[in-house]
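In: A predicted structure for the sequence below; I have some questions about it.
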Amino acid sequence: MNKVILAFFLVFSIQLGVNAQKIGFINTQEILTLLPEVKQANSDIEVMKAMFQKKGQEMVQSLQTKYQELQKKQQTGELAPVEIEKQSAALKLEEGQLGEFEQSSQQKIYEKSEELLKPIQDKVNQAIKDVAAENGFLYIFDSSQGLVLYADPTADASKLVKAKLGINL
């Protein structure tokens, strides 16, 4: 009976060795920060943000100036109450347009980010898939996302992905 159990465990352990799964991990954040395309995309996005921010500040300044002028005219009695209400309503409308501009700006920045960064992310994902296929990895985890609690440093596939992407260190 013991020989049968021993034989079973021997066959089972050999089978496990044959079917061992190769698992690796990478740090996508590190890889992305090393890609020049990401640096250029982030620079382009920052330029766009600055442009919208400047335009928004100009709109706010203009609105504040108009409110101050209306308040001054109201205090000096230059305008009739009906005219004050009319101009106040126009300023409230302009205030609403400022809010719409801010929302529109955020949406455009988000869309630009997607447009510029998605192809880069796709390129990195393809490199990960290629490295996995070429090196027999069944799974590759991303340590930058906190998905790996422990990893043997020898299972780090980041160098292979960096090489696939042409990143030399």
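Out: That came through fine.

In: Distance check, the residue nearest to Lys49 when sequence neighbours are not counted against Lys39.
Out: Nearest residue to Lys49 in three dimensions, chain neighbours excluded: Ile109, at 5.8 Å (C-beta to C-beta, 6 or more residues apart in numbering). All C-beta spots, glycine's among them, are computed from the backbone N, C-alpha and C. In this view, Ile109 and Lys39 are 17 Å apart by C-beta to C-beta, to the nearest Å.

In: Also Lys55?
Out: To Lys39, Lys55 is 25 Å away according to C-beta to C-beta.

In: now do Thr76
Out: Plainly put, Thr76 is 55 Å away from Lys39 if you go by C-beta to C-beta.

In: The two: which is more packed in?
Out: Set side by side, Thr76 and Lys39 show more neighbours around Lys39, with 12 against 8, by other C-beta atoms under 10 Å.

In: For the strand or helix carrying that one, which helices and strands make contact with it?
Out: Per DSSP states H and E: Lys39 is located in helix 36-76. Contacts defined by 3 or more C-beta pairs under 8 Å, 6 or more residues apart in numbering; DSSP states H and E place helix 36-76 against helix 81-135.
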